[in-house]
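Novice: model this:
(chains A, B, C, D, E and F)
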There are 6 protein chains.
Amino acid sequence: MFFHDQRLQYTAKPNAPDPIYAKKLQEALGGQFGEISVMMQYLFQGWNCRGPQKYKDMLLAIGTEEIAHVEMLATMISQLLDGAPAKVQDEMAQNPIVEAAMGGSNVGDAVVASAMNPQHFLVNGLGAAPNDSVGFPWTARYIVSSGNLMADFRANLNAESQGRLQVARLYEMTDDTGVRDMLSFMLARDTMHQNQWIAAMVELQHEGLDQTPVPMNFPLELERRDVAYQFMNCSNGEAAATGSWASGRTPDGKGEFTYVENPEPMGQVPEIRPAPATTHGTNPAPEVPSVGGKAMMM
Amino acid sequence: MFFHDQRLQYTAKPNAPDPIYAKKLQEALGGQFGEISVMMQYLFQGWNCRGPQKYKDMLLAIGTEEIAHVEMLATMISQLLDGAPAKVQDEMAQNPIVEAAMGGSNVGDAVVASAMNPQHFLVNGLGAAPNDSVGFPWTARYIVSSGNLMADFRANLNAESQGRLQVARLYEMTDDTGVRDMLSFMLARDTMHQNQWIAAMVELQHEGLDQTPVPMNFPLELERRDVAYQFMNCSNGEAAATGSWASGRTPDGKGEFTYVENPEPMGQVPEIRPAPATTHGTNPAPEVPSVGGKAMMM
Amino acid sequence: MFFHDQRLQYTAKPNAPDPIYAKKLQEALGGQFGEISVMMQYLFQGWNCRGPQKYKDMLLAIGTEEIAHVEMLATMISQLLDGAPAKVQDEMAQNPIVEAAMGGSNVGDAVVASAMNPQHFLVNGLGAAPNDSVGFPWTARYIVSSGNLMADFRANLNAESQGRLQVARLYEMTDDTGVRDMLSFMLARDTMHQNQWIAAMVELQHEGLDQTPVPMNFPLELERRDVAYQFMNCSNGEAAATGSWASGRTPDGKGEFTYVENPEPMGQVPEIRPAPATTHGTNPAPEVPSVGGKAMMM
Amino acid sequence: MFFHDQRLQYTAKPNAPDPIYAKKLQEALGGQFGEISVMMQYLFQGWNCRGPQKYKDMLLAIGTEEIAHVEMLATMISQLLDGAPAKVQDEMAQNPIVEAAMGGSNVGDAVVASAMNPQHFLVNGLGAAPNDSVGFPWTARYIVSSGNLMADFRANLNAESQGRLQVARLYEMTDDTGVRDMLSFMLARDTMHQNQWIAAMVELQHEGLDQTPVPMNFPLELERRDVAYQFMNCSNGEAAATGSWASGRTPDGKGEFTYVENPEPMGQVPEIRPAPATTHGTNPAPEVPSVGGKAMMM
Amino acid sequence: MFFHDQRLQYTAKPNAPDPIYAKKLQEALGGQFGEISVMMQYLFQGWNCRGPQKYKDMLLAIGTEEIAHVEMLATMISQLLDGAPAKVQDEMAQNPIVEAAMGGSNVGDAVVASAMNPQHFLVNGLGAAPNDSVGFPWTARYIVSSGNLMADFRANLNAESQGRLQVARLYEMTDDTGVRDMLSFMLARDTMHQNQWIAAMVELQHEGLDQTPVPMNFPLELERRDVAYQFMNCSNGEAAATGSWASGRTPDGKGEFTYVENPEPMGQVPEIRPAPATTHGTNPAPEVPSVGGKAMMM
Amino acid sequence: MFFHDQRLQYTAKPNAPDPIYAKKLQEALGGQFGEISVMMQYLFQGWNCRGPQKYKDMLLAIGTEEIAHVEMLATMISQLLDGAPAKVQDEMAQNPIVEAAMGGSNVGDAVVASAMNPQHFLVNGLGAAPNDSVGFPWTARYIVSSGNLMADFRANLNAESQGRLQVARLYEMTDDTGVRDMLSFMLARDTMHQNQWIAAMVELQHEGLDQTPVPMNFPLELERRDVAYQFMNCSNGEAAATGSWASGRTPDGKGEFTYVENPEPMGQVPEIRPAPATTHGTNPAPEVPSVGGKAMMM
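Specialist: Below you'll find the model as predicted:
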């Protein structure tokens, strides 16, 4: 069960409204690697966890923290939208320069009204939306909860890496020190969480719960071991041969990388049987037209 | 530019058709972590790569290989659908047991016709579709290409881990030795690719191109370092305190984990300004009704 | 900021696993009117609220409660999936009756394996997913946060009505007394929440913050008042004339319903100008082929 | 069956083209609460209606009217797009001011070409699209047709409220009197439809067909009545206690609201069983590696 | 403006309910090439039409007819769902055969309840939904309205071909003569509409409004004419060389097909510049860490 | 199996970066009729092909070529994004004119930063994305692979027509001769492919594999032949009667078009049975409340 304290986890106050930046900041809220994604991902992993209790507890702790991050971003976006203009002045559509020359103070407004996300005004009444920076809605297909903790922690490390990268970019996209202050908090938490998932993966491996290749409890002898460490160079770029993935001991400690310069097909040229008449598909030769009723079914 | 050899990369031949299994196998083709996802992810990362050539070459090589995996799965699914029945016999809907007792050989067909993906017959004429195991279409929001190779290789390691996990599960879901043979090849390639991404990440780090926290070239002093290594226990599960993420040296070598048993809000109680009248939103007190024309815009 | 107590808000324990029912119960978790929808809807309305504090507080309280409902459902679904079979036995695909006659205890398993959601096994490893009962992912386009509380409370009343209706149906779809016990709690909370939104709407109106037609602060004289209370019978069903929407005082107290038996078009036959040559669209007469460069732009 | 009269239901003629406004007006056509949504929602409710004929007739009448609203908006958008420019002049990308200073009459065009929806030109050749104001396509998940009229009329009242709110905002976003004239018609029809759904709900209740809590024909004694009227304050905002939802008679006349200041969890700490080996998930202790074939299935 | 006659365009009455078939029939209603798609496609093409009036009139006539097809299908589906069972009996989940042997008349119900679309009961209360046969919602991205009539009529011919193919398959999937009667009407209308679009395309060409290659009013000299009729054999299948697309006069009468057995790349090996520091992407060499403030922006 | 040559199929080099144009060019990459669509469509049709080998070979050849087109566009977009600015200068948001008057050279940057797709910077680090020009992700629901070659070649002809139309429009939207050079290649290939699909359809028909109405192997006597060639004028536009689709021999050579000026409904007024109590839907008269347990199920 969950409880809410009205104070934010960290201060979220811009110096000034900036509706165009509000549109961009939506990426960190409702984007593929925004805070809604990590919140939902960690909570579902926690609820579904069938592994040791400490992992379950940890997942629920961090998943709960992420709700607070969603809250901070939504709050920030509402404030960035304060006072956004409704309208592109019609004179402006004709000539912003003339307008400006006449001392029009609304030119800035006109630019904002044409570049901000129109749904911020129309649909949300100057509030945050659970969408990304192009207005695409958050979708549950973003998240991962597989029941295998090692696989999922790799997903989590990725999410915190993409997330921190995007927040760093958002930091570059504004000079507002209030916004930057909040982002500096989020960057630090992403630093924590990258470290956390790495630590947790090491721990899983030390405890014998999993290892590369994940999942370790699928018997290796059931896979085609002869191709398990080959780099197959299906492109004619030669520099790939110089990478550590093309020779030497493999990270899982179970093999040697080899480089296959000209990989060859090992399989058949496919042959698929003609389709039954009931599909009305195209077969190699003209079909006898199907007829109604029972006969048609064979 | 690309070229195609009609031979498959590896044999893809089932012993017998199995339309219900065909539906499940779609997950490995068009699911979140199916082969279309890795094919598109690696190709876009390759095309967008602005880093050292060896990484670009490697990405394009493996991306190209993955097209062949898509091809093998599509070919396998078509064959699993061979001869799938069009119809649930109407007697069956009433009483399959009576039918069976009368020697009806169509009972198996009826079960298949009601459990297979109906679009395999209706939409694809017994062919494969770029969808997952519940018929949801592949979407480009599955993939990642951020321009930061360390972040993206973490995404790739996750994709190969989720992918191998799902293929292992698909292996358990059939006894068909032809299908299992193809899956044993895919499992091995996933083993290779997990190793490959780990090797590539180590190499990136050795070359000083990135490190934890990703992206390393965002100055650490600009983040709130005091919260960069705190585990904030927002849930009352106590076992989380025993994990390696709650104390000790952090994996990035730049700090010490600390455990915050009762994290406190550090931010303000949010206050958002009333909305302008043009939004027709709800404000703290009744609004003076807006009036048409210019006046309304202030 | 949010905090989590590991105890559930209410008991969520099935008597026995039932993977087919788990698939259906997903509707209440990740469907259009599932718990994720109300959780996100109320939280965003709360965060975006610019109206009186009591509404904001109320929204955040109930939004936080809904996270606990998501948690209960996820927990229940995991338990309903316990021990779900991976495989449709291959003999069964051929003849379940023969198998059964031979005393095969796996027939039930085979039915379950073909009727359950395959992603519950393949993608989630027997865990809950943020999807609905056909596997469609939750999408943020389900929710509403408009900045107008009266409009949004109508949305909320609808959500609780559709939600309670679906939970009532889910109650009918199982005999498991453990599941029914949890649903009886959810039904009661939906009863509370329907009442709550009605009370809140009455309060908004008493306080003069809004009224029908919403939004009240758009000046009525700016709308075409002559058609504001006409029932236009665009279909030839005559019974509609007998409803209270076809005559008598209107609920907003501002007019009289009238019944227009044969509504007439009041507008023009549209005429749209030919398209510019640069669109390469079809115009009333053959176009002069466009030519490159500047000239083409006029 | 349906018939079409080429005259519009009401005049739809802008004074002048305005491609940026055309983009915003798409919200009223293909947005979550645009005219396509209500058209489809009412028609499906009508076709699916198993209740009294007068409701079915009424739903089909209004559903048919809404097709005319879709038509008016599409027509308006095409005209707003008349003559939209294809191109951002390349000089402009470098310096619009210099261009303007030189008397460039194309500056306005350049702004329009960069701010309009590019698909209006590229995909639709200056025609309307069934999308919203950020270009997201209309989706059938927007609509509701539950088979329960009371629940659905609440959905309809919400749709007309959100719809009228958005049209009011669109009215504020333009000064074009032609556009405003059409919107004044739509605002009035939304006023009618809000009143209509309220009248219909009152009628349903008078006839004993349903009442709060919806659906009334689920026996109340089967829900947990002890929590059916409690306001559980899961957030620490105190103002919520002052609302009419926290004390007093409930609107359904069947209970008294009570305020629970510190709600307590009533359920268990969840325990989920380890996963079967075939899922290759993570369990509390290291698993014995699974082996191929039959044995693996237990 | 539109008007509705309550009589259906053609009889839509099944002999008996069949909820599993109802699920499949949804493809013809809300699938990619279902009736909602053609209805919306033709109406939008009609509303957006800037070409000769006869095409606009024709598009609106057929678009209006298609609404009646949507209506027939929705009506049929509701009737196929009549009396669908809510529940998989719990004994059945354990052993349907034993149940059957005991004379259980509910076995058929149990099969239906596990194979029907659960949303037909849960979400729609035994009504039709605007979704396809796997429950995926209709999306506006299915339709085409480009402003170029020749291009769009090709889209329409495709839609009627895919549509008639799917209806033919649906015909094979049932023995219900009532359903088949309705489908025989739809098949005939699809025959009409295939002929209609072909006739319309011929007419467009005769009138000089367009021709292959569409759009004809893009000057051919602006395309690379040397590659405009080459078949580039990027796959090693040799049979493609024997097709009429590999030699002989081209259908547009403007060239000769040539067969390029071994197509060669004509372009450069791409080189993309390093990314600016503000992207925090990966560059060829380690970056100097960015620093805060102004400097970082160059 | 597939192989990659690092040289592009054709040169893809812009004269200068243009991030706003990069956003528009995404339509040709990841839009409904972009290169990803045709690549996936032809490959799936090839893999699923059960018809004559020459069609399969041809589909795989052209499908493989299209991967190269995706590559060229992705490469072009990356270069158009080179050096895109991260930030809208904050002064600019206030007054671009003043800034300009002061000689600010960053005004152009500010316009670009507010009009470009924010995800190009934020999500892709100045790389291409598999999305369209409004940022909507490519979805597999765009493509067609039906198993009927005639139907699918009609889909392909449509795709190449919409595709060439959009590329022609993109040509108009830029003056960059480098971009135009690449587009001139794509236009020519679209010319080839339009011709190719027409040739292939003629060949299919000559070989007796299919003909209008598609699919020809559904017996015509099973459709309602009396309505198979009627133009039903459901709209009151009279010009439609003058088209070749309203009279004369039909293109399939099997009938005569007739014009039905006032089409009449031929079907019943629908009557649907009341819903079972377990649906808790609305019936014609008040229901007896359902009660728990067994009884409720009848």
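
Novice: how about the residues of the stretch 151-298 of chain A near chain D?
Specialist: Residues of the stretch 151-298 of chain A lying close to chain D by C-beta under 8 Å from any C-beta of the partner chain are A:204, A:207, A:208, A:209, A:210, A:215, A:216, A:217, A:218, A:219, A:222. C-betas here are computed from N, CA, C, even on glycine.

Novice: max pairwise distance over those: which two?
Specialist: Greatest spatial distance among those (C-beta to C-beta): A:207 and A:222, at 24.0 Å.

Novice: quick one, which of those two is more surrounded?
Specialist: Neighbours per residue (other C-beta atoms under 10 Å in any protein chain shown) separate residue A:207 from residue A:222, with residue A:222 holding more: 19 against 13.

Novice: before we move on, the earlier item: so which of the residues of the stretch 151-298 of chain A next to chain D comes closest to residue F:177?
Specialist: The closest of these to residue F:177 turns out to be residue A:215 (C-beta to C-beta; 54.1 Å).

Novice: spatially nearest residue to the closest one (excluding sequence neighbours)?
Specialist: The shortest distance from residue A:215 to any non-neighbouring residue, by C-beta to C-beta, 6 or more residues apart in numbering or on different chains, is to residue D:280 (3.8 Å).

Novice: still on that earlier bit, any of the residues of the stretch 151-298 of chain A next to chain D buried? List them.
Specialist: Using 16 or more other C-beta atoms under 10 Å in any protein chain shown as the burial test, these include A:204, A:209, A:210, A:215, A:216, A:217, A:218, A:222 as buried.

Novice: now the helix or strand containing the first one: average pLDDT?
Specialist: According to DSSP states H and E, residue A:204 maps onto helix A:177-206. Per-residue pLDDT values across helix A:177-206 average out to 98.

Novice: cool, stretch A:84-100 as well?
Specialist: Rounded mean pLDDT across stretch A:84-100 is 55.

Novice: tally of neighbours for residue A:177?
Specialist: Here the number of neighbours of residue A:177 (other C-beta under 10 Å) works out to 10.

Novice: contacting residues for it?
Specialist: By C-beta atoms under 8 Å, 6 or more residues apart in numbering or on different chains, the contact set of residue A:177 is residue A:15.

Novice: any idea how far it is from chain F?
Specialist: Residue A:177 sits 11 Å away from chain F, going by C-beta to the nearest C-beta, to the nearest Å.

Novice: relative to residue A:75, how far out is that residue?
Specialist: The gap separating residue A:177 from residue A:75 is 17 Å, by C-beta to C-beta, to the nearest Å.

Novice: same thing with residue A:4?
Specialist: Taken as C-beta to C-beta, the span from residue A:4 to residue A:75 is 13 Å.

Novice: likewise residue A:34?
Specialist: Going from residue A:34 to residue A:75 by C-beta to C-beta gives 15 Å.

Novice: higher neighbour count, those two?
Specialist: Legend: neighbour count by other C-beta under 10 Å for residue A:34 and residue A:75, higher for residue A:34 (28 against 23).

Novice: ramachandran angles for the closest residue to chain B within the stretch 101-250 of chain A?
Specialist: Nearest to chain B, among the residues of the stretch 101-250 of chain A, is residue A:237, at 2.8 Å (C-beta to the nearest C-beta). The phi/psi pair for residue A:237 (degrees, to the nearest 10) reads phi -80, psi 130.

Novice: show the pLDDT at the residue lying closest to it once chain neighbours are set aside.
Specialist: Spatial nearest neighbour of residue A:237, chain neighbours left out: residue B:57 (2.8 Å); criterion: C-beta to C-beta, 6+ apart. Residue B:57 carries a pLDDT value of 98.

Novice: and for residue A:298?
Specialist: Residue A:298 carries a pLDDT value of 25.

Novice: swap in residue A:287?
Specialist: As predicted, residue A:287 sits at a pLDDT of 59.

Novice: now the helices: where do they sit in chain A?
Specialist: With DSSP state H as the criterion, chain A has helices at A:19-30, A:35-48, A:53-80, A:90-94, A:96-101, A:107-115, A:118-122, A:149-172, A:177-206.

Novice: just the buried residues of the last one, please?
Specialist: Neighbour counts over helix A:177-206 (16+ other C-beta under 10 Å) mark A:178-201, A:203-204 as buried.

Novice: give the contact list for the nearest residue to residue A:227 once chain neighbours are set aside.
Specialist: Distances taken as C-beta to C-beta, 6+ apart put residue B:188 closest to residue A:227, at 4.9 Å, once the chain neighbours are dropped. Residue B:188 is in contact with A:223, A:224, A:225, A:226, A:227, A:228, counting by C-beta under 8 Å, 6+ apart.

Novice: among those residues, which ones are buried?
Specialist: Using 16+ other C-beta under 10 Å, the buried ones in the contacts of residue B:188 are A:223, A:224, A:227, A:228.
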